[in-house]
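Student: sequence first, then the predicted structure:
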Amino acid sequence: MSNAEVLSAFLDGEPFDRGELAGALEDPEGRRLLFDLLALREIVQPEESIPHLPIPKVPIRFAVRAVFAAAVVTLALTGGYAIGVKRSSASEVQAPAPTRIVEGTTTIAEPVEGGMR
């Protein structure tokens, strides 16, 4: 492992070889890197830890009400759909037979001069 990897593992609390850490700290460049990494951590990490807000526990009766309400809505929608399908297929309306046939002619109007108004 390089000096940077050993020092980073040391600061992150990850496993590292003690001999490699000692070798990295004997090197002046390694000590300088350690101070740089510590300064970088101080800049990046907040001084105060962000508090974790507790998740409020919902009483069981509210959960039961929500499940019951969802079941009622689902039942109503399903029942309404089923009744609508049954009624539409039972009373299929057909158009009456035509009593007369109207024939039309197609003409194309001549364009008006001057464009649109």
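Tutor: Nice, I can see it. As the structure is a prediction and not an experimental result, all values here were calculated from the model. Numbers count the residues shown, from 1 in each chain.

Student: use CA for all of it now, contacts and neighbours both
Tutor: Will do.

Student: and the longest helix for this protein?
Tutor: Using DSSP state H, we find that the single longest helix of the chain is helix 60-90.

Student: what mean pLDDT does that one get?
Tutor: For helix 60-90, mean pLDDT rounds to 89.

Student: centre of the chain to that helix, how far?
Tutor: 27 Å (Cα atoms, centre = their mean, to the nearest Å).

Student: can you tell me the centre-most residue of this structure?
Tutor: Note on the chain: the residue nearest the mean C-alpha position is Ile55, at 20.7 Å, using Cα atoms, centre = their mean.

Student: gap between it and Ser49?
Tutor: From Ile55 over to Ser49 the distance is 18 Å, taken as Cα to Cα, to the nearest Å.

Student: tell me the domain ranges of the protein?
Tutor: The chain is divided into the following domains under automatic domain parsing: 3-44, 54-88.

Student: report the distance from the longest one to the chain centre.
Tutor: Relative to its parent chain, domain 3-44 has a centroid offset of 39 Å by Cα atoms, centre = their mean.

Student: likewise for the shortest one?
Tutor: From the chain centre to the centre of domain 54-88 is a distance of 24 Å (Cα atoms, centre = their mean).

Student: likewise for stretch 2-22?
Tutor: Between the centre of stretch 2-22 and the centre of its chain there are 38 Å (Cα atoms, centre = their mean).

Student: OK, contacts around Ala24?
Tutor: 3, 6-7, 30-31 (Cα atoms under 8 Å, 6 or more residues apart in numbering).

Student: what pLDDT does it get?
Tutor: With respect to pLDDT, Ala24 scores 88.

Student: go on, Gly115?
Tutor: The predicted local confidence for Gly115 is 60.

Student: quick check: which of the domains of the chain is buried the most?
Tutor: The highest average neighbour count among the domains of the chain, using mean count of other Cα atoms under 10 Å, belongs to domain 3-44 at a mean of 14.
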